[in-house]
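In: sequence plus predicted model, see below.
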Amino acid sequence: MKIIHIIQRLQRIDCLIRTQSTGAPKEFAIKLQISESTLYETLNCFKELGAEIYFNRRRNSYCYKTPMK
């Protein structure tokens with residue numbers, strides 16, 4: 001996978017989380033055209049880098065606890 005493709009995917013994930021429009025994990029993975037396991041691995045990477053991500057059941061979306069800069 002080319003680095004530009006990886007960066008674009010990370011930007012798309014960030015955008016969907018910021019706009020609280022990810023949907024449930026399965027739907028989120030489909031939007032990104034990746035497996036659910038890859039989605040979870042990627043979200044864990046975000047968390048390791050300091051992003052406080054959680055799943056909001058009321059909004060049915062992943063969200064940031066605090067706004068990311």
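Out: Yep, that arrived.

In: what stretches of the chain score poorly on pLDDT?
Out: Residues of the chain meeting the criterion pLDDT under 70: 1, 68-69.

In: next, name the residue at the spatial heart of it.
Out: By CA atoms, centre = their mean, the chain has its centre lying nearest to Ile13, at 4.0 Å.

In: ok, that one touching Leu32?
Out: Yes: judged on CB atoms under 8 Å, Ile13 makes contact with Leu32 at a distance of 6.8 Å. C-betas here are computed from N, CA, C, even on glycine.

In: if we can go back for a sec, check contacts around the residue nearest to the centre of the chain.
Out: Leu32, Thr42, Leu43, Phe46 (CB atoms under 8 Å, 6 or more residues apart in numbering).

In: endpoints of stretch 22-39, how far apart?
Out: Start-to-end span of stretch 22-39 (CA to CA, to the nearest Å) is 11 Å.

In: can you list which of the contacts of Ile13 are found in helices?
Out: Counted as lying in helices by DSSP state H, out of the contacts of Ile13, are Leu32, Thr42, Leu43, Phe46.
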